[in-house]
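Chemist: With the sequence up front, the predicted model follows.
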Amino acid sequence: MPQVSFEVVAECPQTRARAGLLHTAHGIVETPVFMPVGTQGSVKGLTQRDLADELGVQILLANTYHLFLRPGHELIRRLGGLHRFMSWPSAILTDSGGFQVFSLSGLRRITDHGVEFRSHLDGDLHTFTPESTVDAQLAFGSDILMALDECPEYPVSHEFARESMDRTVRWARQAHEHYRRRLAEDPSVGALFPIVQGSIFADLRRQCATALLDFDADGYAMGGLSVGEPRALSLEMVEATETILPRSRPRYAMGVGMPDELPEYVARGVDMMDCVLPSRNARNGYLFTSQGRLIIKHAQYKEDERPLDEKCRCYTCSRYSRAYLRHLFLSGEILYAVLATRHNLCRYLDIMREIRQAIMSGLFPEYLRSVRSAGHEAS
């Protein structure tokens, strides 16, 4: 059997929220969990020691598209797999690369066989198929693999979304058939999660989720969220999907969300999330604090001796003032990106710990109400 299993240790009776333990070959992941995005085998600006020791990260996300193009999955296999290559001791989830390929627009062509695309690096032609993306992720040695899916843009027609969803289900079937053959050769490989699609149409989401149940997967993902649709629609699509997916398996909402949205997804039964917002926004001067957002370039912070967030436990907040961080940002110093990213990720991970603790202590409804009533910015 795959070296991934899931157990629920606490549930909120008033919502769909639950706390669990995701067992992998590289350690136990406490859920609900936010996964920092290490697109190319690196979370920009942070060392693996920063992530593991200071921030307590238990699972990272890496991107199959980028690692496939550079340095290549076969090279990573020869060098001992992605964990050894990037010197990361804990769990790794890799996406299929499908989202990046479909974002290439004019550089790709979709067929029922897969998707042909030209590299954004050198223009070389490549093909992703349901089988080849499984093989690439197995070469990485990922703890959790994602099946190739088609992620439609927003908005699209119901007919377009239906055809896209049907293709995703067919690809998921091909991926799982190939995965089972590879699993028979090596029972220690990671788990493969199929992805629910259907754009913003609840009937398609339910139809897709029902079809994917046939694979009896070790976990299920919900894709096609945060692609331009209103946030309320994202949550509606999770609600339409979650009640169909088995409660005994982890559910992963891909590419979400803002800090105040994290408990909303958990309340709807989501166990795993990822998003580039904390790291990307940090580099752009947009910081998340317990008091709301903070735009560090604003003149009001020029002589502000306070830390970014007095409640934050991170290295950045323990040593540096807002004035100094503003100076680094306006000067274009690399140190700014390092310190800001550490802080933003710490904020996200602290939120997830607060959520988990609230579920474990039976106080999640109160926690959710407090988040909904906040909605303010830092001063």
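Modeler: Right, received. Where do you want to start? Remember, predicted model here, so these are calculated numbers, not experimental data.
Chemist: Distance of Val8 relative to Arg251?
Modeler: From Val8 across to Arg251, the span is 11 Å (CB to CB, to the nearest Å). In short, each C-beta sits where N, CA and C put it, glycine included.
Chemist: neighbour count winner among the two?
Modeler: More crowded of Val8 and Arg251, by other CB atoms under 10 Å: Arg251, with 28 against 15.
Chemist: For the more buried one, give me the pLDDT.
Modeler: pLDDT, Arg251: 98.
Chemist: so what's it up against?
Modeler: Shown in contact with Arg251 (CB atoms under 8 Å, 6 or more residues apart in numbering): Gly219, Tyr220, Ala221, Met222, Glu242, Leu245, Gly269, Val270, Asp271, Met272.
Chemist: shouldn't the third one be in contact with Val196?
Modeler: When you say that, I think you mean Ala221. Yes: counting by CB atoms under 8 Å, Ala221 does reach Val196; the two are 6.8 Å apart.
Chemist: Now do stretch 295-313: everything it contacts.
Modeler: So stretch 295-313 is in contact with 285-287, 289-291, 294, 316-318, 320-323, 325-326, 329-330, 340, 343, 346-347, 350, 378, going by CB under 8 Å, 6+ apart.
Chemist: Off-centre distance for it?
Modeler: 28 Å (CA atoms, centre = their mean, to the nearest Å).
Chemist: What's the mean pLDDT across that stretch?
Modeler: Mean pLDDT, stretch 295-313: 97.
Chemist: The residue positioned nearest the centre of the chain pairs with what?
Modeler: Centroid-nearest residue in the chain: Asp274, 2.2 Å away (criterion: CA atoms, centre = their mean). Asp274 forms beta bridges with Met35, as assigned by DSSP bridges.
Chemist: and the gap between it and Tyr252?
Modeler: 8 Å.
Chemist: From the recorded domain assignment, give the ranges for this structure.
Modeler: 5-275, 285-367 (automatic domain parsing).
Chemist: Flag the shaky bits of the stretch 51-200 of the chain, pLDDT-wise.
Modeler: By pLDDT under 70, the stretch 51-200 of the chain has no low-scoring segment.
Chemist: what about the helices in it?
Modeler: For the stretch 51-200 of the chain, helices defined by DSSP state H, counting those that start in this stretch occupy the ranges 64-69, 73-78, 82-85, 98-102, 130-140, 158-185.
Chemist: in the shortest one, what's buried?
Modeler: If I follow you right, that is helix 82-85. Leu82, His83, Phe85 (16 or more other CB atoms under 10 Å).
Chemist: What subset of the contacts of stretch 295-313 is buried?
Modeler: Using 16+ other CB under 10 Å, the buried ones in the contacts of stretch 295-313 are 285-287, 289-290, 294, 316-317, 320-322, 325-326, 329, 340, 343, 346-347, 350, 378.
Chemist: Among these, which are located in strands?
Modeler: Of the buried ones among the contacts of stretch 295-313, the ones assigned to strands by DSSP state E are Tyr286, Leu287, Thr289, Leu294.
Chemist: hang on, Gln14 packs against Pro365?
Modeler: Yes: here Gln14 lies in contact with Pro365, judged by CB under 8 Å, at a distance of 4.8 Å.
Chemist: who's more crowded, those two?
Modeler: Pro365 (16 against 12).
Chemist: Quickly find the element holding the more buried one.
Modeler: helix 364-374 (DSSP states H and E).
Chemist: outside of that helix, which residues touch it?
Modeler: Here helix 364-374 has contacts from 12, 14-15, 17, 260, 263-264, 266-267, 292, 354-355, 358, using CB under 8 Å, 6+ apart.
Chemist: biggest separation within the residues you listed, which pair?
Modeler: Maximum pairwise distance among those (CB to CB): 26.2 Å, between Gln14 and Gly292.
Chemist: how about the strands in the stretch 201-350 of the chain?
Modeler: Applying DSSP state E, counting those that start in this stretch to the stretch 201-350 of the chain gives strands spanning 220-222, 251-253, 272-274, 286-289, 292-295.
Chemist: I'd like those strands as JSON lines, with distance to Pro230 appended.
Modeler: Formatted as JSON lines, these follow (distance: least, CB to CB, whole Å):
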{"stretch": "strand 220-222", "distance to Pro230": "16"}
{"stretch": "strand 251-253", "distance to Pro230": "16"}
{"stretch": "strand 272-274", "distance to Pro230": "18"}
{"stretch": "strand 286-289", "distance to Pro230": "21"}
{"stretch": "strand 292-295", "distance to Pro230": "19"}
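Chemist: Identify whichever of these lies nearest to Phe102.
Modeler: Among these, the nearest to Phe102 by CB to CB is strand 220-222 (15.4 Å).
Chemist: Describe which strands the closest one pairs with in its sheet and in which direction.
Modeler: Within its sheet, strand 220-222 is paired with strand 195-196 (parallel), strand 251-253 (parallel), according to DSSP bridges.
Chemist: Determine which stretch of these is the most buried.
Modeler: strand 195-196 (a mean of 32; mean count of other CB atoms under 10 Å).
Chemist: Please report the distance of the nearest residue in space to Leu325 that is not next to it in sequence from His83.
Modeler: Leaving aside its sequence neighbours, Leu325 sits nearest to Ile296 (CB to CB, 6 or more residues apart in numbering; 5.6 Å). For Ile296, the distance to His83 (CB to CB) stands at 34 Å.
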